[in-house]
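Participant: Model the following, please.
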Amino acid sequence: MASVEPIRPTGHEPVGLHSRAMDNLRFIRETMERAGSFTAVPGWGGVIIGLSALAAAFVAARQPTADRWLIAWLMEGMLAMGIGAIAMKLKSDSAGQTLSSAPARRFVLSFAPPLLAGAFLGGVLYRSNLIGALPGTWLLLYGTGVVTGGAFSVRVVPLMGLCFMGLGAVALFVPLPWANALLGAGFGVLHIVFGIIIARRYGG
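Facilitator: Below is the predicted model of the structure:
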């Protein structure tokens, strides 16, 4: 009498439906994250940075020496970085986003290198007694960082970066008092104008 053979092999357990569903959800989430934009660029934070930059331009223009002018703007730079970091964290938290997401990492990795280049070049220009070239260099490289980082953010951010680069190009060819005014126009006025646009269109 013939023996009965099982239709399915007994050595392999079928994959659970729950496991496959979780894998599919994980794939969808990672795909959307890779394709997403970094929307936590702080609009109102940019407005505050702009106001502080206008104050810095006013104070710096009244310094008796180039060194004290430089100190005034370096202090403003540190203040602006602190304001920007806090504002970005608050906006990402309110939107239920995380600063460790793939879009955020891409934004930072694109935005930071031009800023580091600006810091190194600034030191070289200062040692070479070319302080007058600092405003144009700062504006150009900050604008470059905003353009490259903005490629992973909302559309208005790269446009803001191009405006910074335009001011920087002009600032390279004018005397320091005019270049100081262009610094105020860039880090002050542009941050305020685009900050309001970002805040109204993209949630703060």
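Participant: Would you tell me what the next helix or strand after the least confident helix or strand in the chain by mean pLDDT is?
Facilitator: Least confident helix or strand, the chain: helix 17-35 with a mean of 57, by mean pLDDT, DSSP states H and E. The helix or strand immediately downstream of helix 17-35 is helix 43-60, counting by DSSP states H and E.
Participant: Return the set of buried residues in stretch 44-53.
Facilitator: Within stretch 44-53, the residues that count as buried by 16 or more other C-beta atoms under 10 Å are 44-50, 52-53. Just so you know, the C-beta spots here come from the backbone N, C-alpha and C atoms, and that holds for glycine as well.
Participant: any idea how far it is from the chain center?
Facilitator: Relative to its chain's centre, stretch 44-53 lies at 14 Å (C-alpha atoms, centre = their mean, to the nearest Å).
Participant: can you tell me the average pLDDT over that stretch?
Facilitator: Averaging pLDDT along stretch 44-53 yields 94.
Participant: per-residue confidence for Pro112?
Facilitator: Check again: residue 112 is Ala, not Pro. In this model, Ala112 is scored at 88, pLDDT.
Participant: same deal with Gly184?
Facilitator: At Gly184, pLDDT is 96.
Participant: Check the burial of Arg68 by counting its neighbours.
Facilitator: When neighbours are counted by other C-beta atoms under 10 Å, Arg68 registers 12.
Participant: Would you mind getting the angle between the helix or strand containing it and helix 43-60?
Facilitator: Assigned by DSSP H and E, Arg68 belongs to helix 66-94. For helix 66-94 against helix 43-60, the angle by axes from the mean of the first three to the mean of the last three C-alpha atoms, to 10 degrees is 170 degrees.
Participant: List the buried residues in helix 66-94.
Facilitator: Under the neighbour-count criterion of 16+ other C-beta under 10 Å, helix 66-94 has 69-70, 72-73, 76-77, 79-80, 83-84, 87-88, 91-92 buried.
Participant: Same check on stretch 177-189?
Facilitator: Using 16+ other C-beta under 10 Å as the test for burial, stretch 177-189 gives 179-189.
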